[in-house]
Each structure stands twice: as C-alpha cells, then as structure tokens.
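Participant: Below are the sequence and a predicted model for it; my questions follow.
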Amino acid sequence: MNTKVTIAGVEWKNPVTVASGTFGSGAEFVDFVDLNKLGAVTTKGVANIPWTGNPTPRVAETYGGMMNAVGLQNPGIDMFCDRDIPFLRKYDTKIIVNVCGRSTEDYCEVVERLANEDVDMLEINISCPNVKEGGIAFGQNPNAAEEITKAVKKYAKQPIIMKLSPNVTSISEMAKAVEAGGADAISLINTLTGMKIDVNRKAFVLANKTGGVSGPAIHPIAVRMVYEAANAVSVPIIGMGGIASAEDAIEMILAGASAVSVGTANFFDPAVTMKVVDGIEEYMKQQGFENVADMVGIVK
C-alpha cells in the first residue's frame with residue numbers, strides 16, 4: 001500500500017497538508033505534531049513587506065467553526081526567508097509557501113524572491129483584496145484570476161497552486177480561469193464571508209464587521225465545490241474546508257481532491273493532522289486501495 005501522492009510533479013509522502021494561516025510556519029505546532037509525518041507544511045501567507053493585519057477583535061467563535069478577520073498579518077518575505085525556511089528544512093516534509101499581495105506587482109515580487117529559495121511549491125492566495133481595483137478580490141473575477149496566474153507564472157520556478165475563494169457564482173468557472181492562466185494545481189476552498197453581531201452590545205463582534213467563516217460547518221459546501229472544480233479541470237486539486245477527521249478528508253478525496261488540507265481543526269485539536277494521516281492509511285487497508293490515486297474522484 002502506497003500513501004504517496006504526486007502534485008504537479010512534486011511527490012508528497014502522503015496527501016495531508018495544513019491550511020495556510022492555521023499552522024503558523026510549523027514551529028508553533030512541533031510540540032503536538034511530528035512535521036516529518038506530514039505530506040507538506042503550508043505556511044501562513046507571506047507578503048513582500050510586513051503586514052500588521054486588521055484591528056482587534058479579529059477572531060470569533062461560530063456554530064461549528066470560527067470567523068476570522070486577521071487580515072493576513074505577517075512579518076514579510078525577508079524575515080520569512082531568514083527564519084522560517086531554515087526551520088522547516090530541518091524536517092522531511094514538502095514546503096508550500098502561501099503568497100499574498102495587494103497588487104499583481106506585490107505577488108510577483110514575492111514569487112520572484114522565492115524562485116531561488118529551497119521551497120517546493122507556492123500557493124497563491126487570490127482572496128486578497130486588489131487595492132488597484134477598488135478592493136475586489138482577484139479571486140472573484142475570472143479574468144483577474146487568469147491574469148494574476150499568468151503574471152506569477154512568469155516569475156515562478158516552483159509549481160504554482162492557485163487558492164480559490166468560494167465567494168463566487170461559479171467555482172468551476174474560476175477553476176477553468178486559473179487553469180487557462182497556467183496553474184499547476186488548485187486549492188479550495190478559502191473562507192466564506194460572514195458576519196456576527198453581539199446582541200447585548202448591539203455591535204459587530206469583529207472590528208472588521210465581516211470575516212472569513214471556516215470549520216466543520218462549511219465542510220459540505222467545500223466538498224461540493226471540490227467536486228465541481230475537479231470535474232471542470234485536469235490539474236490536481238487540493239481540497240480543504242472544515243476537515244476535522246480522516247473521514248472528512250476521505251470524502252474530499254472521493255469527490256476529486258488529490259490531496260487535502262486541514263485548517264481550523266488544528267486550533268481545537270492540535271494533533272488532528274496525525275489522526276487524519278493514520279485514518280487515511282487505515283481506510284486504504286480496509287477498502288483495499290493500493291494507492292491514494294485510486295480513490296481520487298471515484299464518486300461520480
């Protein structure tokens with residue numbers, strides 16, 4: 001039995017990574033997780049310069065999940081290259097760097113900077129608001145999504161994973177757009193936009209008013225979108241959204257994901273990724289699957 005998967009030419013030892021922003025850059029979780037046992041570590045988003053993020057409060061609990069408006073706070077690419085890459089290189093896992101930006105130039109600057117760094121893949125977060133276009137996210141317009149994909153591909157030495165926003169009319173249309181732009185793989189879903197009001201204070205719970213909803217409550221939506229995207233494109237899909245158990249992860253794989261990413265569950269069960277890795281292996285034994293690839297998208 002073989003748990004290895006190959007995503008855009010990069011071989012992972014198993015199909016499990018972590019969702020950007022839920023795992024720091026790995027150092028925060030070493031007391032709970034054997035990083036050597038993960039297929040890949042996906043870092044928190046990194047920009048060309050340090051970002052302070054949004055005002056607080058910026059995290060709130062919701063039924064079956066959470067809502068965040070952290071605003072992609074990060075120390076910037078210089079600190080990331082000096083501190084986080086050397087740390088992760090000590091472990092036998094693939095490194096996926098999540099890249100964010102406020103303009104096409106921002107993204108390209110980070111991608112170009114990472115071209116000569118020892119990292120395996122880049123995940124481009126196109127749910128960032130595009131300052132030049134009045135704040136609409138790159139990932140909400142198919143033309144913008146295709147253009148940003150083309151732009152970063154010019155600078156990238158590593159395979160590019162485009163991370164899709166679920167806050168769109170047609171996820172398959174967005175998947176086709178980034179595939180047309182040259183994406184090597186696609187990851188989805190990012191958070192759904194939500195809002196919470198404190199009825200006693202008669203005020204928004206988050207300073208930002210809205211935030212990204214994640215966690216088990218969004219899982220069925222994520223499975224549906226992964227299924228639609230997987231049936232629209234031929235590049236590999238990394239499925240995420242509310243995965244809190246091996247069963248949730250297997251559901252994503254059967255829907256068409258070649259790999260999975262565990263996010264919010266890391267906050268309430270820091271060792272959850274280890275359970276997902278073991279659970280997928282156990283399922284393969286029980287069901288007689290020789291390879292993870294044999295499970296991908298078999299539910300039509």
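Facilitator: Happy to help now that I have it. Every value quoted in this text rests on a predicted model; they were computed, and no experiment measured them.

Participant: Just say helix, strand or coil for G24.
Facilitator: Following DSSP: H, G, I helix; E, B strand; the rest coil, G24 is assigned to coil.

Participant: So what's the model's average confidence on stretch 147-154?
Facilitator: Taken as a whole, stretch 147-154 has an average pLDDT of 97.

Participant: Can you show me the CA trace of that stretch as CSV?
Facilitator: Output of stretch 147-154 as CSV, limited to C-alpha atoms (Å, rounded to 0.1, in the frame of the first residue of the first chain):
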residue,chain,number,x,y,z
GLU,A,147,-4.3,37.3,-15.4
ILE,A,148,-2.7,37.1,-11.9
THR,A,149,-2.0,33.4,-12.6
LYS,A,150,-0.2,34.3,-15.9
ALA,A,151,1.7,37.0,-14.1
VAL,A,152,3.1,34.9,-11.3
LYS,A,153,3.9,32.0,-13.6
LYS,A,154,6.4,34.3,-15.4
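
Participant: Can you report how many residues lie near N143?
Facilitator: Number of residues near N143 (other Cβ atoms under 10 Å) recorded here: 9. (Glycine included, C-beta is placed from N, CA and C.)

Participant: Tell me which stretches of the chain form helices.
Facilitator: Secondary structure of the chain (DSSP state H): helices located at 77-79, 85-88, 104-114, 142-155, 171-180, 219-230, 246-255, 265-268, 272-287.

Participant: Specify the residue positioned farthest from the middle of this structure.
Facilitator: Farthest-out residue of the chain from its mean C-alpha position, per Cα atoms, centre = their mean: N200, at 35.0 Å.

Participant: Run through the bridge partners of I186.
Facilitator: I186 has these beta-bridge partners by DSSP bridges: M162, I237.

Participant: show me what contacts it?
Facilitator: By Cβ atoms under 8 Å, 6 or more residues apart in numbering, the residues touching I186 are 161-164, 175, 178-179, 229, 233, 235-238.

Participant: and the closest residue to F289 other than its chain neighbours, how many neighbours?
Facilitator: Using Cβ to Cβ, 6 or more residues apart in numbering and skipping the chain neighbours, the partner closest in space to F289 is M295 (5.4 Å). Per other Cβ under 10 Å, the neighbour tally for M295 reads 20.

Participant: ok, M295 - contacts?
Facilitator: Taking Cβ under 8 Å, 6+ apart, we find M295 in contact with I250, I253, L254, M284, F289.

Participant: neighbour-wise, which of those leads?
Facilitator: I253 leads these on contacts (other Cβ under 10 Å) with 26 neighbours.

Participant: Against T17, how distant is that residue?
Facilitator: 13 Å (Cβ to Cβ, to the nearest Å).

Participant: try N54
Facilitator: Counting by Cβ to Cβ, the gap from N54 to T17 is 26 Å.

Participant: Compare those two (neighbour count), which wins?
Facilitator: Counting neighbours by other Cβ under 10 Å for N54 and for T17 shows that T17 has the greater number, 28 against 17.

Participant: neighbours of the closest residue to that one other than its chain neighbours, just the number please.
Facilitator: Spatial nearest neighbour of T17, excluding adjacent residues (Cβ to Cβ, 6+ apart): A40 at 4.0 Å. By other Cβ under 10 Å, 26 other residues sit near A40.

Participant: so what's A40 bridging to?
Facilitator: Under the criterion DSSP bridges, A40 forms beta bridges with K94.

Participant: If I look at it, what pLDDT would I see?
Facilitator: You'll see A40 listed with a pLDDT of 98.

Participant: pretty sure it contacts E123?
Facilitator: No - if you go by Cβ atoms under 8 Å, A40 and E123 don't touch, sitting 9.8 Å apart.

Participant: intersection of neighbour lists for these two?
Facilitator: Residues touching both A40 and E123 (Cβ under 8 Å, 6+ apart): I96.

Participant: Out of the helices of the chain, the one nearest G71 is which?
Facilitator: Proximity to G71, assessed across the helices of the chain by Cβ to Cβ, is greatest for helix 104-114 (14.7 Å).

Participant: need the helices of the chain in a markdown table with distance to F32, can you?
Facilitator: A markdown table is the format used below for the helices of the chain (distance: least, Cβ to Cβ, whole Å):
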| stretch | distance to F32 |
| --- | --- |
| helix 77-79 | 24 |
| helix 85-88 | 16 |
| helix 104-114 | 27 |
| helix 142-155 | 33 |
| helix 171-180 | 32 |
| helix 219-230 | 22 |
| helix 246-255 | 17 |
| helix 265-268 | 9 |
| helix 272-287 | 8 |
